[in-house]
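Peer 1: Here is my input; please provide its structure:
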Amino acid sequence: MTSPPRGILGPPMLREPDRLVNALRRACDALALLVAFALAFWLRFLSGLVAAPAGDPPWESYARAAPAALVLALVAFGAAGLYRRRAVEPARDEALAVLRGCALALVLVLAAASLYRDESYSRLFALGLAGTLPAAALAGRALLRAGLARRARARFGRRRAVVVGAEPARGRALALLARHAEEGVEVVATLDADPPPDDLAEQVRGARADEVLIALPPERLALVGALDRALGDVPVDVHVALDLGALTTLRPAAGDLHGLPLLTLRRGPYVGLDGLGKRAFDVVAGGALLVLAAPLLLALGLLVRLTSPGPALYRQERVGWGGRRFFMLKLRTMRHDAEGPTRTLRDDPRRTRLGALLRRTSLDELPQLWNVLRGDMSLVGPRPERVEHFPELERRLPGFMLRHAVPAGMTGWAQVHGLRGDAPVEERLRYDLEYIQRWSPWLDLRILLLTCVRGFAHPNAF
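Peer 2: The predicted structure is shown next:
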């Protein structure tokens, strides 16, 4: 008995992203933008809610602008990552991504409208579009999610799967498939891979399976070849899921090396355009902040010199991106002969009176904007550790070196969660690795905004 024909809308297991779903998302977003554009036009010119300008509504002018706005919005949505996402994902995550895409789309559309001198567009229309676009996009995505969920529940949209494996990988795979039933995968049989069943092909055919998921821990990877041979020419999709267990992973990914399957255990987040974009943002924003802060820095430097003997700045060797050492700049907050390998203590007697204030307000960190421009640091990233403490932390904390997969930062995910000063290094490491795992330009912006909103002063800064 052969496998039944697969539903044309049935999602392939674990393919990310699903091409058909993303095609539907693009169509849904395009329709949402056109609806939002029409609603904004109606609100401004036809609804009577605001005074309409004299003469006929400018139909032709806005109709000519709609295709360009549509293209810019879809480009913005793509740049925001809305078409690189899983076929099914939590509604909250998708909603936040849609809102980011709408914000970027509005910026691009309004910038293009301001540069196009042949036409003048209503500001009230732009205000209406700022409200109707997110509402229409979220509503469209909600309807699409409902349709996808219905498809997953429908018989023609389900995929029958046989899970073959060894513990603990098999149990984890079964639990994940059960937890995410919305993916439309129905487990119809589970088999032990060690040893491979002699009648594996017949069991898969008898289960009328569409797919076979091989779930193995790394030490049993050699079984894949035997399982593949046992399946023979059974016309099913075959996937291999590795439970990496104790292996250290950071942003893992699967791909191929010119036809050779490739599993990436660890990778830094700043690759290609992402890395270029982050560096460009650091240079532009860091340079602007340095110019704005220059008068304050000059005044604080003079105060440091006037209130205690010694230089206004000092350089402290830290460990940054890739384990490379660099000299981090700070305004001096201690007696000029007090610096040493000892960590700063609460109410540290080595601090000057002005230094205590600078530390509490984090103003002593401002010179690090120069480190950002030099490329030693980034505006956002894990805070760099001192060279003297590095060997002990590397020995004591597994995964500590992974935080150096990205540049050190002036502020970071741990710092906006209050982990400063004498906060446990273990807790800061957990947040640093979470930042690297989740990194996106939007997370950097969120951290910068939280740094501003929550202020630079903190009771743990001393």
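Peer 1: what about stretch 435-447, start to end distance?
Peer 2: 10 Å (CA to CA, to the nearest Å).
Peer 1: now swap in stretch 430-449 and tell me
Peer 2: Terminal-residue distance, stretch 430-449 (CA to CA): 21 Å.
Peer 1: From the rest of the structure, what touches that stretch?
Peer 2: The contact list for stretch 430-449 (CB atoms under 8 Å, 6 or more residues apart in numbering) reads 80-81, 100, 250-251, 268-270, 274, 277-278, 281, 379-382, 399, 402-403, 405-406, 411-414, 416-417, 419. All C-beta atoms are positioned from the backbone trio N, CA, C, and that covers glycine.
Peer 1: let's go with 7 Å and repeat that
Peer 2: 100, 250-251, 269, 277, 379-380, 382, 399, 402-403, 405-406, 411-414, 416-417, 419 (CB atoms under 7 Å, 6 or more residues apart in numbering).
Peer 1: Tell me the buried residues within those.
Peer 2: Neighbour-count burial (16 or more other CB atoms under 10 Å) is assigned, among these, to 100, 250-251, 269, 379-380, 382, 402-403, 405-406, 411-414, 416-417, 419.
Peer 1: quick one: which of those residues sit in strands?
Peer 2: When DSSP state E is applied, the buried ones among the contacts of stretch 430-449 are split such that 379-380, 411 fall in strands.
Peer 1: With pLDDT and distance to Pro311 as added columns, please give the residues you listed in a markdown table.
Peer 2: As requested, those are exported to a markdown table (pLDDT from 0 to 100; distance: CB to CB, whole Å):
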| residue | pLDDT | distance to Pro311 |
| --- | --- | --- |
| Leu379 | 94 | 25 |
| Val380 | 94 | 28 |
| Thr411 | 92 | 25 |
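Peer 1: so what's the residue in the chain sticking out farthest from the centre up against?
Peer 2: Largest separation from the mean C-alpha position in the chain: Gly55, at 48.5 Å (CA atoms, centre = their mean). If you count contacts by CB under 7 Å, 6+ apart, Gly55 has none.
Peer 1: Just to be sure, it is in a helix?
Peer 2: No: checked against DSSP: H, G, I helix; E, B strand; the rest coil, Gly55 lies outside a helix; its state is coil.
Peer 1: tell me the mean pLDDT over stretch 214-231?
Peer 2: Model confidence over stretch 214-231, given as mean pLDDT, is 84.
Peer 1: ok, now stretch 119-132?
Peer 2: Rounded mean pLDDT across stretch 119-132 is 86.
Peer 1: what does it rub up against?
Peer 2: Contacts of stretch 119-132 (CB under 7 Å, 6+ apart): 36-37, 39-41, 43-44, 50, 61, 106, 110, 113.
Peer 1: List buried members of those residues by neighbour count.
Peer 2: Buried, going by 16+ other CB under 10 Å: 36-37, 39-41, 43-44, 106, 110, 113, out of the contacts of stretch 119-132.
Peer 1: pLDDT score assigned to the nearest residue in space to Ala91 that is not next to it in sequence?
Peer 2: Closest residue in space to Ala91, ignoring its immediate chain neighbours: Arg145 at 6.6 Å, by CB to CB, 6 or more residues apart in numbering. Looking at Arg145, its pLDDT reads 82.
Peer 1: burial of Arg145, as a residue count?
Peer 2: 17 (other CB atoms under 10 Å).
Peer 1: Relative to Leu354, how far out is it?
Peer 2: Noted for Arg145: a distance of 57 Å to Leu354, by CB to CB, to the nearest Å.
Peer 1: what do you get for His180?
Peer 2: 56 Å.
Peer 1: I'd guessed Leu290 sits against Gln368; true?
Peer 2: No: counting by CB atoms under 7 Å, Leu290 stays clear of Gln368, with 9.8 Å between them.
Peer 1: who has more neighbours, those two?
Peer 2: More crowded of Leu290 and Gln368, by other CB under 10 Å: Gln368, with 25 against 17.
Peer 1: Excluding chain neighbours, what is closest to the more buried one?
Peer 2: Gln368 sits nearest to Met410 (CB to CB, 6+ apart), 5.1 Å away.
Peer 1: What is the neighbour count of the one you found?
Peer 2: Met410 has 25 nearby residues by other CB under 10 Å.
Peer 1: swap in Val236?
Peer 2: By other CB under 10 Å, neighbour count at Val236 equals 21.
Peer 1: Repeat that for Leu124.
Peer 2: If we define neighbours as other CB under 10 Å, then Leu124 has 15 of them.
Peer 1: ok, it to Ala40 distance?
Peer 2: In this view, Leu124 and Ala40 are 9 Å apart by CB to CB.
Peer 1: go on, Leu402?
Peer 2: Applying CB to CB to Leu402 and Ala40 gives a distance of 47 Å.
Peer 1: still on that earlier bit, His180 and Leu354: which is more packed in?
Peer 2: Shown here are His180 and Leu354; by other CB under 10 Å, Leu354 has more neighbours (19 against 14).
Peer 1: Please name the nearest non-neighbouring residue to that one.
Peer 2: Thr307 (4.8 Å).
Peer 1: Any chance of the backbone angles for that neighbour?
Peer 2: phi -100, psi -10 (degrees, to the nearest 10).
Peer 1: How much space separates it from Val283?
Peer 2: Distance from Thr307 to Val283, counting by CB to CB: 33 Å.
Peer 1: Ala51 sits in which helix or strand?
Peer 2: For Ala51, there is no helix or strand it lies in under DSSP states H and E.
Peer 1: okay, now Arg359: neighbour count?
Peer 2: For Arg359, using other CB under 10 Å, the count is 23.
Peer 1: Quick check: it touching Leu331?
Peer 2: No: when contacts are counted by CB under 7 Å, Arg359 is not listed as touching Leu331 (9.4 Å).
Peer 1: Many thanks, have a good one.
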